[in-house]
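Undergrad: Provided below are the primary sequence and the corresponding predicted coordinates.
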Amino acid sequence: MTGSERVRFWVIMSAEPSQIPAASEQIARQLSQAFGGATVLGGSEVSALTGYWAEDGQAFKDAYDGVVHKESVFAIMLMVVPEEEERAYSEIKTTVKKAVADFGLNSRHIHVDVSSVRARHFDVNDVGS
């Protein structure tokens, strides 16, 4: 059994609401086959999330004066053991690129948060009263 340390990826990307169920499912299934599981926000049973971004949002500034756009987005969370970080990031890029092509998504710049976390699990049937 491995320790509790994990690397958590949050992948946030834009899509038309009608595209989100199929695209998010494809990505989540492919990442689950590679790493054992993934979580979708804004997927098949959940309405789209809403993202806001300024046209000059890629710059590091004190304030942004670009037009603010609003779009539907979804997010995928993947957690892996630290030894799998680079393979996971590579797989995320490949899987997302394929979904963008397969579904004609309006995603180009994909936001990926990467953080170190500790994971704990328990079985509710084994928890004392």
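TA: It's in. Numbering: from 1, shown residues only.

Undergrad: tell me who's in contact with Val96.
TA: By Cβ atoms under 8 Å, 6 or more residues apart in numbering, the residues touching Val96 are 11, 13, 27, 107, 110. C-beta coordinates here come from the backbone N, C-alpha and C atoms, glycine included.

Undergrad: give me the buried entries from these.
TA: When burial is judged by neighbour count using 16 or more other Cβ atoms under 10 Å, the buried members of these are 11, 13, 27, 107.

Undergrad: any idea which of the residues you listed is closest to Glu83?
TA: Val11 (19.9 Å; Cβ to Cβ).

Undergrad: mind checking which helix or strand that closest one is in?
TA: Element membership for Val11 (DSSP states H and E) is strand 5-14.

Undergrad: regarding this structure, what is its longest helix?
TA: The longest helix of the chain (DSSP state H) is helix 85-103.

Undergrad: list the buried residues of it.
TA: Residues of helix 85-103 classed as buried under the neighbour-count rule (16+ other Cβ under 10 Å) are 88-89, 91-92, 95-96, 99-100, 103.
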